[in-house]
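J.: what's the 3D shape of this:
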Amino acid sequence: MSGPLLGIAGIAVMFAVLFLLRIPAGFTMAIVGFTGLAYATSFTAALGMIGGEMWNIFSGYGLTVIPMFILVGEFVHYAGYNDSLYHATHRWFGHYRGGLAITTIMACAAFSAISGSNTATAATMSTVAIPAMKKYHYHPILNAGSVAAGSTLGVLIPPSIVLVVYGIYTGQSIGKLFFGNIIPSVIATAFIAATVWAICRRHPDWGTAAEKSSWKDRFQALPEALDIIVLFAVIMYALFTGVVTATEAAALSCTLGLAICLARRKLSWKKFLAAVGDTVRISCMVFMIIAGAVIFGRFLAITRLPFEAAGWIGSLAMPKGLLLALILLCYIVGGCIMDALAFLLISLPIFYPLVIGMGYDPIWFGQMVTIVTTMGAIMPPIGICCYVVAAMARDIPLATVFRGALYYIPAYIVTLILLALFPYGTVLVLSNLVR
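T.: Predicted structure coming up:
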């Protein structure tokens, strides 16, 4: 079997194992990748290559940003700041029709600015937002859909784990990626919130208005929510000015986050241990996906499939804009059928050199990839955020959660179109300012 055909066979086997045996994506990629390497070379050579790759990836300090940003998100979660954020945004937006759903999205955006994880955001906000919307008789489609869509901002808004992994893998500045993501995040959040308004115009009974809060109550709800904003602002300013590196910024965020939680007397020893335990569990999951993707990527490199595919795609007589659209479509489909981070790491060896060769900016492409992989988190059949929301709200069927989430897909598509039409005004204007 020729090299490229072996690579295609390996991809087919990987998907078969993933769906038929239900083995987690990281382990599936590692098993299939190592088996393919051993078949293409030898067992001893495969062990040597994998050992070298693992050492190169995990012996550096770059990946430490992942557990540290996860840890600060867990501190904030166990300190109860999700309730504070929801309470504050409810006071300001809850009296509008669909206001609780808009409140949920805004609170998700605020929590995402610290968490960096869509599943953590989905689990955290589900416990607060879904019961509140049930109290005001929100339709289950709007209720669950707004939580699922809002939770995807956990990957989109800095510090995004997807952007961190993208930056480490491609050698791009994480600071530039974070700042280039600010305007796209604002655009996506605004369009997701606008989707709630559109839904409630068409179905007024789906989201009844809550009581209107006084201005005094609104301002009294702000101080604790401002803790999160200040923490986010300090970290982003430090990155922007070049005072700290991305790794140092992650460590600084943990230190400040812990200090704030302790100063507010919100984090007991029991909660601290729970936050550390969840961080270890989530980080191990992410690192296993990275390790599996590295092994599988090495296998694909041996087969030369990425180079042959890039050469074939590049030889097509197609406008580069259409080629980019096809690549993004692959990311959308890939995000629908497997873990978005896993698919990102599998596909980057194939698509990244091709996109850069076509002249696209790597920071801008990172934002586009982040948005399309985020879409996969709420699209069937794998949409992980929908599964988390359905697990937290046991009386809302999974199908209903997916139906509600699909209402928000146009918001992502419009955001992508704006980024494609105005790359400088949406991404590069801020990323180019980072030192």
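J.: State the number of residues packed around the residue nearest to Leu18 when sequence neighbours are not counted.
T.: Spatial nearest neighbour of Leu18, chain neighbours left out: Thr28 (4.9 Å); criterion: Cβ to Cβ, 6 or more residues apart in numbering. The way it works is simple: take the backbone N, C-alpha and C, and place the C-beta from them, glycine included. Thr28 is flanked by 24 other residues according to other Cβ atoms under 10 Å.
J.: Quick check, Thr28 in contact with Ala291.
T.: No - if you go by Cβ atoms under 8 Å, Thr28 and Ala291 don't touch, sitting 11.9 Å apart.
J.: right, and Ile31 touches Leu21 too?
T.: No - with contact defined as Cβ under 8 Å, Ile31 does not count as touching Leu21 (9.9 Å).
J.: Show me which of these two is the more surrounded one.
T.: Using other Cβ under 10 Å as the criterion, Ile31 and Leu21 rank with Ile31 on top: 18 against 10.
J.: Next one: the more buried one relative to Met236, how far apart?
T.: 40 Å (Cβ to Cβ, to the nearest Å).
J.: do the same with Gly366
T.: From Gly366 to Met236 the distance is 17 Å (Cβ to Cβ).
J.: Neighbour count for those two, which is higher?
T.: Of the pair Gly366 and Met236, Gly366 is the one with more neighbours under other Cβ under 10 Å, namely 25 against 19.
J.: Can you tell me, leaving aside adjacent residues, what's nearest to the more buried one?
T.: The spatial neighbour of Gly366 that comes closest, neighbours along the chain excluded (Cβ to Cβ, 6+ apart), is Tyr166 at 4.9 Å.
J.: who's in contact with that neighbour?
T.: Tyr166 makes contact with 172, 177, 344, 348, 366, 369-370, according to Cβ atoms under 8 Å, 6 or more residues apart in numbering.
J.: Tyr424: neighbour count?
T.: Tyr424: 11 surrounding residues under other Cβ under 10 Å.
J.: By pLDDT, rank the contacts of Tyr166 and give me the bottom one.
T.: When the contacts of Tyr166 are compared by pLDDT, Leu344 scores lowest at 79.
J.: Give me the distance between the closest residue to that one other than its chain neighbours and Val243.
T.: Using Cβ to Cβ, 6+ apart and skipping the chain neighbours, the partner closest in space to Leu344 is Thr373 (5.7 Å). Distance, Thr373 to Val243, by Cβ to Cβ: 30 Å.
J.: joint contacts of Thr28 and Ala291?
T.: Counting by Cβ under 8 Å, 6+ apart, Thr28 and Ala291 have no common neighbour.
J.: tally of neighbours for Leu267?
T.: 21.
J.: no, scratch that, I was asking about Leu418
T.: Leu418 has 17 nearby residues by other Cβ under 10 Å.
J.: So for Thr373 and Val243, which residue has more residues nearby?
T.: Legend: neighbour count by other Cβ under 10 Å for Thr373 and Val243, higher for Thr373 (26 against 12).
J.: I'd like to know which elements whichever strand or helix holds that one is packed against.
T.: Secondary structure from DSSP states H and E places Thr373 in helix 362-376. In terms of contacts (3 or more Cβ pairs under 8 Å, 6 or more residues apart in numbering; DSSP states H and E), helix 362-376 is packed against helix 153-156, helix 161-170, helix 174-180, helix 182-202, helix 320-337, helix 340-357, helix 409-421.
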